[in-house]
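Participant: generate a structure from the sequence data that follows.
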Amino acid sequence: FGDVIRSSPTQVRERRIARHPSLKPQAFLRQVVRGILPLGKGTVLDPFAGSGSTLAAANHVGYDSVGVELDEHYVDVARGSIPALSQLEVT
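Facilitator: Numbering: from 1, shown residues only. Below you'll find the model as predicted:
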């Protein structure tokens, strides 16, 4: 998406909060979430929630979200990382 949405690798401080092999950067996900619901209405659904980074981005921008994750380990990771990632200041 580099030609559409500027992005860079996930920062180390985000990786420390949410340990997942395919963690996406909050700066990128917050832009994607705004693009999904540009009028601010609706709910973001993440059917493969993993560490919860998309749900955290939705929370940060003030959107409702629902996540589904089958791996109990990552459910626990998401429970801890969503509040921390959503409050993280990113540039």
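Participant: give the other helices and strands that the longest helix seen in the chain contacts.
Facilitator: Longest helix of the chain, by residue count under DSSP state H: helix 72-87. When contacts are defined as 3 or more Cβ pairs under 8 Å, 6 or more residues apart in numbering; DSSP states H and E, helix 72-87 sits against helix 12-17, helix 53-61. In this view, the C-beta of every residue, glycine as well, is placed from N, C-alpha and C.
Participant: tell me the strands beside the following helix or strand past the longest one, with direction?
Facilitator: What that stands for is helix 53-61. Downstream of helix 53-61, the first helix or strand assigned by DSSP states H and E is strand 64-67. Strand pairing for strand 64-67, determined by DSSP bridges: strand 43-46 (parallel).
Participant: one step back: run through who's touching the longest helix of the chain.
Facilitator: Applying Cβ atoms under 8 Å, 6 or more residues apart in numbering, the contact partners of helix 72-87 are 14, 17-20, 26, 49-53, 55-57, 59-60, 67, 69.
Participant: show me which positions of it end up buried.
Facilitator: By 16 or more other Cβ atoms under 10 Å, the buried positions in helix 72-87 come out as 74-75, 77-78, 81-82, 85-86.
Participant: got the CA coordinates for that helix in CSV?
Facilitator: C-alpha atoms of helix 72-87 as CSV (Å, rounded to 0.1, in the frame of the first residue of the first chain):
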residue,chain,number,x,y,z
GLU,A,72,-6.7,-18.8,22.7
HIS,A,73,-3.1,-17.6,23.0
TYR,A,74,-3.8,-14.7,20.7
VAL,A,75,-7.1,-14.0,22.4
ASP,A,76,-5.1,-13.4,25.6
VAL,A,77,-2.6,-11.3,23.7
ALA,A,78,-5.3,-9.2,22.2
ARG,A,79,-7.0,-8.6,25.6
GLY,A,80,-3.8,-7.1,26.9
SER,A,81,-2.6,-5.3,23.7
ILE,A,82,-5.8,-3.6,22.6
PRO,A,83,-5.9,-1.0,25.4
ALA,A,84,-2.2,-0.3,25.2
LEU,A,85,-2.0,0.0,21.4
SER,A,86,-5.1,2.1,21.2
GLN,A,87,-3.6,4.7,23.6
